[in-house]
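return atomic coordinates for the entry below.
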Amino acid sequence: MTEILLKAEGLVAGYTAEVDILNGVDMEVRQGEIVTIVGPNGAGKSTLMKTIFGLLTPREGVVTLGGETITGLAPHSVTRKGVAYVAQLDNVFPSLTVRDNLELGAIAGGSGSVDERVERMYTLFPRLSERRTQPAGTMSGGERQMVAMARSLMPEPRLVLVDEPSAGLAPAFVDAIFEKLVEINESGVTILMVEQNAKRALTMSDRGYVLDLGKSRFTGPGKELIADPKVAELYLGGGAGRLDAADETPDSTVFVLRPRSLLLGHWGPRRPRCSRYPHAHDQRTHRGRRGLRAKKKPPALRPGALSGSQVSRRSATRRPSSRPVDQRRACRRRS
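Residues are numbered from 1 along each chain as shown. You can find the predicted model right below:
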């Protein structure tokens, strides 16, 4: 049997002292596998990745890499032990070019010259070779994801943690990213991935974990999890409830959360829009938003204050000053 590369036992972690996001997670990743973590929003998937990589310190539990304990180590120390992390958001340096981003990834180590490793990344991601001098911040979401993945491979890690690689990408880039993940794994790199596209990710995975409420609820080969009727109904299919809801009673009801617009019936019938001025709220007026606002009332005067017309009449009847013009100008400058 293949040796265990990464193992987490009884992990308890969270962002505040009062709330635990992870409540005793157990998992393991073997050498050369693709392991996918799926689950509903708020289950603790990204928190688990951050805890493994050292961005969060667990309150309880142990994380081992190749038999060596890495619990509580700083991220740069975990990186030097052969673990790379591709975050879901803000995973590139936007003001730097593609090549500069790749060269920064080589700081953590690796064999061979930096130029040789950069050329290997260009071979793996041909699109990056075409945009090597382009700032990463001006690239599309799929291209930035490629830059982040290529940079994570520059130090030649044993394990890559990938958090939501297909989030917010166009369908064409989603297919390309998953194909590259398989190609990276075939080169000998172990992959632990969090992904919302559960069916696609579990199909290409050796094993998978289903997290719910900070615990590992189901585990097994990826294709077996897809075929599991309970997992398919409560997570992969149309059901939308807690994964432990079916364990409470045989006839338990799974509540499906609906958008507020459906509950309120789209807030009543829609008003017909004006064809000439579609921004107008009412078909009877062409004034739009600004025209429909009520006119502001003038501010109330304080007791004894003079209105604008009274002030103008008073200044008109004021007697002219007897001072010379030069003295009046000097008084204005001093005031």
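
look at the nearest residue to S166 once chain neighbours are set aside and tell me its secondary structure.
Closest residue to S166 apart from its sequence neighbours, by C-beta to C-beta, 6 or more residues apart in numbering: V174 at 4.5 Å. For every residue, glycine as well, the C-beta is placed using N, CA and C. Following DSSP: H, G, I helix; E, B strand; the rest coil, we place V174 in the helix state.

hey, where'd the helices end up in the stretch 101-250 of the chain?
For the stretch 101-250 of the chain, the helices defined by DSSP state H, counting those that start in this stretch cover 114-124, 126-130, 141-153, 171-186, 198-203, 222-227, 229-231, 245-248.

just these: most buried one?
Mean neighbours per residue, mean count of other C-beta atoms under 10 Å, is largest over these for helix 141-153, with a mean of 23.

what lies in contact with that one?
Applying C-beta atoms under 8 Å, 6 or more residues apart in numbering, the set of residues contacting helix 141-153 from outside is 84-87, 91-92, 98, 101-102, 104-105, 121, 124-125, 127-128, 131, 136, 139, 160, 162, 165, 168-170, 172-174, 176-177, 180, 184, 189.

one more time with 6 Å
If you take C-beta atoms under 6 Å, 6 or more residues apart in numbering as the criterion, helix 141-153 is touched by 84, 86, 91-92, 98, 101-102, 105, 121, 125, 128, 136, 160, 168-169, 173, 177.

now it - C-alpha only, CSV.
The C-alpha coordinates for helix 141-153 follow below in CSV (Å, rounded to 0.1, in the frame of the first residue of the first chain):
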residue,chain,number,x,y,z
GLY,A,141,-9.5,34.7,-14.0
GLY,A,142,-8.5,31.5,-15.7
GLU,A,143,-5.1,32.8,-16.7
ARG,A,144,-4.4,34.1,-13.2
GLN,A,145,-5.3,30.7,-11.9
MET,A,146,-2.7,29.2,-14.2
VAL,A,147,-0.1,31.7,-13.0
ALA,A,148,-0.9,30.7,-9.3
MET,A,149,-0.6,27.0,-10.1
ALA,A,150,2.6,27.4,-12.0
ARG,A,151,4.1,29.5,-9.2
SER,A,152,3.2,26.8,-6.7
LEU,A,153,5.1,24.2,-8.7
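
quick revisit: so which of the contacts of helix 141-153 are in strands?
84, 86, 160 (DSSP state E).

low-confidence stretches in the protein?
Applying pLDDT under 70 to the chain flags residues 1, 234, 236-335.

now the strands for it?
4-13, 22-30, 34-38, 60-65, 68-69, 83-86, 159-163, 190-194, 207-212, 215-221.

narrow the contacts of helix 141-153 to those that are buried.
Buried members of the contacts of helix 141-153, scored by 16 or more other C-beta atoms under 10 Å, are 84, 86, 91-92, 98, 101-102, 105, 121, 125, 128, 136, 160, 169, 173, 177.

and of those, the nearest to V194?
Among the buried ones among the contacts of helix 141-153, V86 lies closest to V194 (C-beta to C-beta), at 10.2 Å.

sorry, back to before: the residue nearest to S166 and V210, how far apart?
Distance from V174 to V210, counting by C-beta to C-beta, to the nearest Å: 21 Å.

please apply the same query to P221.
Applying C-beta to C-beta to P221 and V210 gives a distance of 13 Å.

contacting residues for V38?
With C-beta under 6 Å, 6+ apart, V38 has these contacts: 198, 210.

measure it to E156 for me?
To E156, V38 is 28 Å away according to C-beta to C-beta.

try I226
32 Å.

my read: T47 touches I21, true?
Yes: contact criterion C-beta atoms under 6 Å: T47 and I21 qualify, at 4.4 Å.

now do the same contact list for I70.
Counted by C-beta under 6 Å, 6+ apart, I70 has contacts 63, 78.

actually R131, not the one I wrote
V98.

go on, R117?
Applying C-beta under 6 Å, 6+ apart, we find R117 in contact with 110, 154.

what's the answer for the one 4 residues further on, then?
By C-beta under 6 Å, 6+ apart, M121 lies in contact with 102, 150.

what number of residues lie near R80?
Neighbour count for R80, taken as other C-beta atoms under 10 Å: 14.

understood, closing this out.
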